[in-house]
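Student: sequence first, predicted coordinates after that:
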Amino acid sequence: QVRLVESGGGSVQAGGSLRLTCAASGHTSGWYCMGWFRQAPGKEREAVATVDGDARTNYADSVKGRFTISKDNAKMTLYLQMNSLNTEDTAIYYCAANPWSCPRDYRSYDYWGQGTQVTVSS
């Protein structure tokens, strides 16, 4: 059974930092792509950052230069370092995986964590 568990969310003031962690377990070998997505109230889920099997990363324009995605293959753990947070970053952040490709469309991802809340106050 595949499982993704996020942690590290919380409340922070604008300008602050948080580090999200996603621990994967189960049959995860061969997964090509893992990523972070977020969903704010009343908005559609959107891609934040992805990393593929060749360690190529892709970021949403809104987080470039502020967020960094990384993966520890040995630990099967995905990270998202978030710096210079602003109120528009407030959302539930989800970890997701796609065994075959790295699209930006969240509907193409098969495996999801339960999400972790990030709240940024001004």
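Tutor: Received, thanks. Numbering: from 1, shown residues only.

Student: can you count the residues close to residue 26?
Tutor: 11 (other C-beta atoms under 10 Å). Every C-beta, even on glycine, is put in place using the N, C-alpha and C of the backbone.

Student: distance of the residue nearest to it when sequence neighbours are not counted from residue 98?
Tutor: Counting by C-beta to C-beta, 6 or more residues apart in numbering, residue 2 is the residue found nearest to residue 26 once chain neighbours are left out, at 3.9 Å. To residue 98, residue 2 is 12 Å away according to C-beta to C-beta, to the nearest Å.

Student: quick one, which of those two is more surrounded?
Tutor: residue 98 (19 against 14).

Student: ok, now which ones touch the nearest residue to residue 105 once chain neighbours are set aside?
Tutor: Counting by C-beta to C-beta, 6+ apart, the nearest residue to residue 105 once its immediate chain neighbours are dropped is residue 47, at 7.7 Å. Residue 47 is in contact with 35-37, 58, 60, 104-106, counting by C-beta atoms under 8 Å, 6 or more residues apart in numbering.

Student: any idea of the pLDDT on the closest residue in space to residue 13 that isn't next to it in sequence?
Tutor: Spatially, and ignoring its direct neighbours in sequence, residue 13 is nearest to residue 121 (5.6 Å; C-beta to C-beta, 6+ apart). Looking at residue 121, its pLDDT reads 98.
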